[in-house]
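Student: Here is my input; please provide its structure:
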Amino acid sequence: MSEIVNLEPRGVWEQFDAITRVPRPSKKEGKIIEYLVAFAEKHGLEYKKDAIGNVVIRKGATPGFENRPTVILQSHMDMVCEKNSDVEFDFETDPIRTRIDGGWVKAEGTTLGADCGIGMAAALAALVDPAIEHGPLEALFTVDEETGLTGAFELGEGMLTGKYLVNLDSEDEGELFIGCAGGIDTVATFRYAMEPAPKNHVFFRVDVSDLLGGHSGDDIDKGRANSNKLVARLLWEGMQSYELRLAYFNGGNLRNAIPREAYAIFGVPARFESEFRKRYELFAADLEAELKLAEPNFRITLNEMPEVDRVLDARTQSGLVYALVGVPNGVVAMSQAVAGLVETSTNLASVKFGGDDSIVVTSSQRSSVESAKTYVMQMVESVFALAGADVAHSDGYPGWAPDPASLLLERTRASYVRLFGTEPKVRAIHAGLECGLFLEKYPELEMVSFGPTLRGVHSPDERLEIATVPKFWALLVDLLRTI
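Tutor: Sure, this is the predicted structure:
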């Protein structure tokens, strides 16, 4: 057991500690599903599992609360699996190594999985804490939220009976969320041929690393750099003046994470070596000045490589690099309806050379306005199509339209004011939540989302603020008592 089990409220932290020891990558949730089923059986609770792997655990009302409406506590069981490049860790077998760092709980060189492990922990603690007064409870744990919202898309019939749904997947204590953006992925595939590397070339590897990264919804407006974009910028300059030939490009990993690391292997004619090295030094200095406030730990390095045998064919190289430089990335539009809310954005998430003569570029688009989501998707598709790529899209997912008149929102707000003597902020969020998909299946649901404070989500800097967990728990307990 970790030292975090001594934190308060102990019931929540004990459940979170147990969850961190169960591997749960997206699309590989078998072990955490088994854990949840065993938890229900151990505590004599009714449970149901649907065909895709979602689990709902039910508990009857405490005495005197039998006539209260059923409340659904919802969280997702998978986690984003990101680690620093120098860390040895297998997310399919190894437990997360948690530690207390000042006022935060963090992991050793990996994502912590508090998104959404702390929400799961609160739901499990609510199911077994005898001191909590509540009406009938349903705790829904969904699979594969992070890479496709698969669990929400394929939620089985009859899994839910409740009227009110509390989503436990938010990251800012003191804020109640009542709406979220919809999203869609755009995947561009370049077909390429390798050809013999030209003679009398010097080859290099450029690495961009130590960027902050983060969540492509929550953090897209913070001005953080995209590693794929930075590497592509150097390649573009090399192509203009130094006859650069590209051999390999690898950057980013997850569709919903701002990429933190990327590298490329390329060559320039030996006659340009000295001039190119000088241009690289100027380029690196320009980036450091450009990013000194947004990316304080930014690193870029250039190392000479042994001569390579093959390089990318010139046509595909041109299309790929020009597309990576030209495709939009970051905030596209701010909301006209909600001050300070990002309306529309796009994230150039990953560039991967496949073993089947393909280069796959994955990006994700988000918007709280459905037509704007379609338009930014078209913008991204157009750039890649003009560059010669085949373009496909995911099914996408709907946004969650705010309902300021919701009774659940009013009761949650009243609980917060009663407990803490201050008004919570009521907001919509640019990140995607599963709530829009639940509404498609259960249109009568009222929903609200809240949680403790998380930072650095979807990156190895992910951390959970300890002081906000007791407030998160107190709000949940009071809401269950009063709704």
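Student: Show me which residues of stretch 19-29 are buried.
Tutor: For stretch 19-29, the neighbour count (16 or more other CB atoms under 10 Å) marks I19, T20, V22, P23, R24, P25, S26, E29 as buried. Where you see a C-beta, it was placed from the backbone N, CA and C, and this is true even at glycine.
Student: Straight-line length of that stretch, end to end?
Tutor: End-to-end span of stretch 19-29 (CA to CA, to the nearest Å): 12 Å.
Student: per-residue pLDDT, G436?
Tutor: As predicted, G436 sits at a pLDDT of 90.
Student: where does Q74 land in three-state SS?
Tutor: What DSSP: H, G, I helix; E, B strand; the rest coil gives for Q74 is strand.
Student: M447 too?
Tutor: What three-state DSSP gives for M447 is strand.
Student: Name the nearest residue to it, ignoring sequence neighbours.
Tutor: Nearest residue to M447, sequence neighbours excluded (CB to CB, 6 or more residues apart in numbering): L165, at 4.5 Å.
Student: Now do the contacts for the one you found.
Tutor: By CB atoms under 8 Å, 6 or more residues apart in numbering, the contact list for L165 reads V71, I72, Q74, C435, F438, L445, E446, M447, V448.
Student: wait, isn't K48 in contact with L160?
Tutor: No - K48 lies out of contact with L160 (CB atoms under 8 Å); the separation is 10.0 Å.
Student: The two: which has the busier surroundings?
Tutor: Counting neighbours by other CB atoms under 10 Å for K48 and for L160 shows that L160 has the greater number, 20 against 17.
Student: just to revisit the earlier point, any common contacting residues for K48 and L160?
Tutor: Contacts common to K48 and L160, judged by CB under 8 Å, 6+ apart, are V56.
Student: for the stretch 151-300 of the chain, what spans make up the helices?
Tutor: 227-241, 273-291 (DSSP state H, counting those that start in this stretch).
Student: Run the angle between the first one and helix 273-291 for me.
Tutor: This points to helix 227-241. Here helix 227-241 runs at an angle of 140 degrees relative to helix 273-291 (axes from the mean of the first three to the mean of the last three CA atoms, to 10 degrees).
Student: Contacts only, for P404.
Tutor: Going by CB under 8 Å, 6+ apart, P404 touches I178, V426.
Student: Is it correct that it falls within a helix?
Tutor: No - counting by three-state DSSP, P404 is located in no helix; its state is coil.
Student: related to what we said a few turns ago, so the residue nearest to M447 versus A123, what's the distance?
Tutor: Taking CB to CB, to the nearest Å as the measure, L165 falls 12 Å from A123.
Student: sorry, back to before: so which of the helices of the stretch 151-300 of the chain has the densest surroundings on average?
Tutor: helix 227-241 (a mean of 20; mean count of other CB atoms under 10 Å).
Student: for the record, mean pLDDT for that one?
Tutor: For helix 227-241, mean pLDDT is 98.
Student: next one: it to chain centre, how far?
Tutor: Between the centre of helix 227-241 and the centre of its chain there are 26 Å (CA atoms, centre = their mean, to the nearest Å).
Student: Over to stretch 31-48?
Tutor: Counting by CA atoms, centre = their mean, stretch 31-48 is centred 27 Å from the centre of its parent chain.
Student: again, but for stretch 332-344
Tutor: For stretch 332-344, the separation from the chain centroid amounts to 20 Å (computed by CA atoms, centre = their mean).
Student: number of nearby residues for E423?
Tutor: Using other CB under 10 Å, E423 has 11 neighbouring residues.
Student: Mind telling me what element it is part of?
Tutor: Secondary structure from DSSP states H and E places E423 outside every helix and strand.
Student: Grab the nearest non-local neighbour of it.
Tutor: Nearest residue to E423, sequence neighbours excluded (CB to CB, 6+ apart): V417, at 6.1 Å.
Student: hmm, back to that, let me know the closest of the contacts of L165 to Q378.
Tutor: Nearest to Q378 among those: C435, at 25.9 Å, using CB to CB.
Student: distance of the closest one from E154?
Tutor: 16 Å.
Student: Repeat that for E295.
Tutor: According to CB to CB, E295 and E154 sit 38 Å apart.
Student: Who has more neighbours out of these two?
Tutor: E295 (21 against 17).
Student: ok, the more buried one - contacts?
Tutor: L211, L212, R224, A225.
Student: can you tell me which residues contact S394?
Tutor: Taking CB under 8 Å, 6+ apart, we find S394 in contact with G148, I184, D185, V187.
Student: In three-state terms, how would the first one be classified?
Tutor: Taken by three-state DSSP, the conformation at G148 corresponds to coil.
Student: now the end-to-end length of stretch 44-59.
Tutor: End-to-end distance for stretch 44-59: 9 Å, by CA to CA.
Student: Give me the buried positions along it.
Tutor: Across stretch 44-59, burial judged by 16+ other CB under 10 Å covers 45, 47-50, 52-59.
Student: Among these, name the ones in strands.
Tutor: Mapping these onto strands (DSSP state E) picks out Y47, K48, K49, V55, V56, I57, R58, K59.
Student: Farthest pair within these?
Tutor: K49 and K59 (16.4 Å).
Student: for the helix or strand hosting G11, packing partners?
Tutor: G11 is part of helix 10-20, with elements assigned from DSSP H and E. Helix 10-20 sits against helix 30-42, helix 114-128, helix 468-482, with contacts defined as 3 or more CB pairs under 8 Å, 6 or more residues apart in numbering; DSSP states H and E.
Student: most tightly surrounded among those?
Tutor: With neighbours taken as mean count of other CB under 10 Å, the helices and strands packed on helix 10-20 reach their highest mean count in helix 114-128, at a mean of 26.
Student: how about that helix as CSV, C-alpha atoms only?
Tutor: Output in CSV follows, covering the C-alpha atoms of helix 114-128 (Å, rounded to 0.1, in the frame of the first residue of the first chain):
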residue,chain,number,x,y,z
ALA,A,114,-6.5,10.1,-11.4
ASP,A,115,-8.4,10.8,-14.6
CYS,A,116,-10.7,9.1,-13.9
GLY,A,117,-9.4,6.9,-11.1
ILE,A,118,-10.4,9.4,-8.4
GLY,A,119,-13.9,9.4,-9.7
MET,A,120,-14.0,5.6,-9.6
ALA,A,121,-12.7,5.7,-6.1
ALA,A,122,-15.4,8.1,-4.9
ALA,A,123,-18.1,6.0,-6.4
LEU,A,124,-16.8,2.8,-4.8
ALA,A,125,-16.4,4.5,-1.5
ALA,A,126,-20.0,5.8,-1.7
LEU,A,127,-21.2,2.2,-2.3
VAL,A,128,-19.6,0.8,0.9
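Student: for the record, mean pLDDT for that helix?
Tutor: The model assigns helix 114-128 a mean pLDDT of 98.
Student: continuing past that helix, what's the next helix or strand?
Tutor: Going down the chain from helix 114-128, the next helix or strand is strand 137-142, by DSSP H and E.
Student: hang on, the earlier thing: which residues do L165 and A123 both contact?
Tutor: Both L165 and A123 are contacted by Q74, under the criterion CB under 8 Å, 6+ apart.
Student: Pull the number of nearby residues for A414.
Tutor: For A414, using other CB under 10 Å, the count is 13.
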